[in-house]
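J.: Give me a 3D structure for the following:
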Amino acid sequence: MRLLKARATPALVASAIVVLGFFAFRAHEHDSRALHPIAAARARTPVLSARRVADLLVGTVGDGRLSQRLADTLADPALGGAKSQTCLVAQRGAHRIYSQAETQSLLPASNLKLLTAAAVLDRIDGNEQLQTELRADRAPSNGVINGPLYLVGGGDPLIGSAAYESSRKYPPPKWTKVESLADAVVAAGVHEIKGGVLGDDSRYDRERVISTWPPRYTSLGDIGPMGALAVNDGFEAYAVQHVPSSAPARHAASVLTDLLQARGVTVDGPAGEGRAPASAVAVTHVASMPVKDLVGEMLEQSDNDTAELLIKELGHRFGGAGSTTAGLGVLHATLADAGLPMAGWTAVDGSGLDRADRATCRLLVDTISMGPHAGEIVDALPVAAGNGTLAHRFIGHPAAGRLRGKTGSLDGVISLSGVVDSSVGRLSFALVMNQLPSEAVGLHFADAVGDILAQYPDAPKPDDVAP
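T.: Residues are numbered from 1 along each chain as shown. Now for the predicted structure:
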């Protein structure tokens, strides 16, 4: 059907006004969220203005074209079994433009991190920093620490050596360098430690991996052994193949011991593990990035270690135990209390690595459009063809520079949820595809959806159709 030409007839204007009034009444009757800022801004236009008719016509054409293109794309036989295992929601404000299987419970892969981000930002002050502390039985005397030096983990997921930082595929914007711990000891005037360095990771439980994760997750470096004290993500080697430590706290103590000795500090005794007594005094400490920046790094780089430790931190503070199970309980309660639709959600981790994780597109899109700290979450998402996990996607495409999204990928799974800024407002969307024939197919269709959204509204300007 061809678009209307430059001018609308009076009869068409009158008809459109009636239609507009009907839909305005229905929207008010069924969805109070329709009164969003965009609608409020337009309320200055008189109800019976022809300008409203033009806006309605443009919106109707744009919504229709977008819906048809998305439907045609997801009906492509190349999707194979994913045709019946895909959900997609696209909306502007609270207005759903397109919805396919939005309540279908699917494996979201790393899109699950959006929920982790929302819960963490809602429960923990974003400006707070996690502390890695050095403690001793008594204060240093004449530069000597009598008894062991306790290295106490505070859950900082980004503490490691400069060499490890440079080896990461997506280096974080700021790293808590373990070298700074050694420098802090020297700056405190310590030149001898009697009793060695003992790592203390008692803040969290000792569940290093989720039992249902495939071993390749660690050998490929997707995630290291979890713990409140894990230097270099808990990897003892990482140059060729990632080798996880069986005792991350002891490994951290060993790394610090080597750095202290390299700085001329005498360390009498081997590195080990041990819990600092409650009476231990502080020697020095180093702070992590603010929690809001840890969340940002998790989203931008899709950092699994950061996601899992933040979940354990939720459990430690609000769930009675520094465990994944306790943290997920806090996550569910937090998001449910915020009014998010948790039906269809289930999870055994906070990163989306496990194949038992489930979420709906409705939950994902509501999280980034109306959930706790939605604006902060969106601002932290990588930009298409710009940075993070989207740095090399959408290059030269309509979505480049205009789409922000959280990526996700597992065998047979591709997900992408985020926002696109259009000339008529911000679109929020969530796409999850399961049972894909290949990763390449999934990426192709996800990118196609992103480009279609980036072309919205693809309709004449209101001035071109106003009478």
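
J.: CA only for contacts and neighbour counts going forward, please
T.: Will do.

J.: In this structure residue 193 contacts residue 141, no?
T.: No: using C-alpha atoms under 8 Å, residue 193 is not in contact with residue 141, being 10.7 Å away.

J.: These two: which has the busier surroundings?
T.: Neighbours were counted for residue 193 and for residue 141 using other C-alpha atoms under 10 Å; residue 193 has more, 23 against 11.

J.: On the three-state scheme, that one is what?
T.: strand (DSSP: H, G, I helix; E, B strand; the rest coil).

J.: Next: residue 64.
T.: Here residue 64 takes the helix state, with states given by three-state DSSP.

J.: quick one, domains of the chain?
T.: Residue ranges of the domains in the chain are recorded as 10-60, 65-122+298-307+316-454, 127-295, according to automatic domain parsing.

J.: Pick the most deeply packed of those.
T.: Compared across these, domain 65-122+298-307+316-454 shows the largest average neighbour count, a mean of 21 (mean count of other C-alpha atoms under 10 Å).

J.: and that one, how far apart are its ends?
T.: 13 Å (C-alpha to C-alpha, to the nearest Å).

J.: now stretch 196-208
T.: When the end residues of stretch 196-208 are compared by C-alpha to C-alpha, they are separated by 25 Å.

J.: avg pLDDT for it?
T.: Stretch 196-208 shows a mean pLDDT of 98 in the predicted model.

J.: got the contact list for that stretch?
T.: With contacts defined as C-alpha atoms under 8 Å, 6 or more residues apart in numbering, stretch 196-208 is touched by 147-155, 224-229, 249-254, 256-257, 267-276, 312-313, 316, 321-323.

J.: In strands, which of the residues you listed fall?
T.: Using DSSP state E, 149, 150, 151, 152, 267, 268, 272, 273 are the members of those that sit in strands.

J.: ok, which pair from those residues is furthest apart?
T.: Comparing every pair within these by C-alpha to C-alpha identifies 152 and 268 as the most remote, at 19.0 Å.

J.: confidence score at the most centrally placed residue in the chain?
T.: For the chain, the residue whose C-alpha lies nearest the mean C-alpha position (C-alpha atoms, centre = their mean) is residue 299; its distance is 3.3 Å. With respect to pLDDT, residue 299 scores 98.

J.: same check, this time on residue 372
T.: Here, the pLDDT recorded for residue 372 equals 97.

J.: element containing it?
T.: With secondary structure defined by DSSP states H and E, residue 372 is part of neither a helix nor a strand.

J.: what's the answer for residue 307, then?
T.: Take DSSP H and E as the rule and residue 307 turns out to sit in helix 304-318.

J.: looking only at pLDDT, what's the mean for that helix?
T.: Computed over helix 304-318, the average pLDDT equals 98.

J.: Could you give the separation of it from the chain centroid?
T.: 13 Å (C-alpha atoms, centre = their mean, to the nearest Å).

J.: swap in stretch 234-242?
T.: Stretch 234-242 has its average C-alpha position 25 Å from the chain's average C-alpha position, going by C-alpha atoms, centre = their mean.

J.: what's the span of that stretch from first residue to last?
T.: Start to finish, the residues bounding stretch 234-242 are 10 Å apart (C-alpha to C-alpha).

J.: who touches the nearest residue to residue 422 once chain neighbours are set aside in this structure?
T.: Nearest in space to residue 422, with sequence neighbours left out and distances taken as C-alpha to C-alpha, 6 or more residues apart in numbering, is residue 456 at 6.4 Å. The contact partners of residue 456, by C-alpha under 8 Å, 6+ apart, come to 62, 63, 66, 422, 423.

J.: is it true that residue 160 touches residue 229?
T.: No: when contacts are counted by C-alpha under 8 Å, residue 160 is not listed as touching residue 229 (10.4 Å).

J.: picking up where we left off before, how close does the residue nearest to residue 422 sit to residue 361?
T.: Taken as C-alpha to C-alpha, the span from residue 456 to residue 361 is 20 Å.

J.: same deal with residue 392?
T.: As it turns out, when the distance is counted by C-alpha to C-alpha, residue 392 lies 25 Å from residue 361.

J.: likewise residue 245?
T.: Using C-alpha to C-alpha, one gets 37 Å for the distance from residue 245 to residue 361.

J.: Wasn't residue 417 part of a strand?
T.: Yes: the assignment for residue 417, made by three-state DSSP, places it in a strand.

J.: so it sits right up against residue 111, yeah?
T.: Yes: contact between residue 417 and residue 111 holds when scored by C-alpha under 8 Å: they sit 7.0 Å apart.

J.: which of the domains of the chain has the lowest average pLDDT?
T.: domain 10-60 (a mean of 42).

J.: quick one, helices of the stretch 51-200 of the chain?
T.: For the stretch 51-200 of the chain, helices defined by DSSP state H, counting those that start in this stretch occupy the ranges 113-123, 162-167, 178-187.

J.: These into a markdown table, with extra columns for distance to residue 330?
T.: Formatted as a markdown table, the helices of the stretch 51-200 of the chain follow (distance: least, C-alpha to C-alpha, whole Å):
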| stretch | distance to residue 330 |
| --- | --- |
| helix 113-123 | 8 |
| helix 162-167 | 31 |
| helix 178-187 | 31 |
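
J.: who's in contact with the helix holding residue 307?
T.: Judged by C-alpha under 8 Å, 6+ apart, the contacts made with helix 304-318 from elsewhere in the structure are 113, 116, 120, 123, 155-158, 203-204, 222-224, 226-228, 233, 294-295, 298, 321-331, 349-351, 353.

J.: what's the angle between it and helix 113-123?
T.: Taking axes from the mean of the first three to the mean of the last three C-alpha atoms, to 10 degrees, one finds that helix 304-318 is oriented at 40 degrees with respect to helix 113-123.
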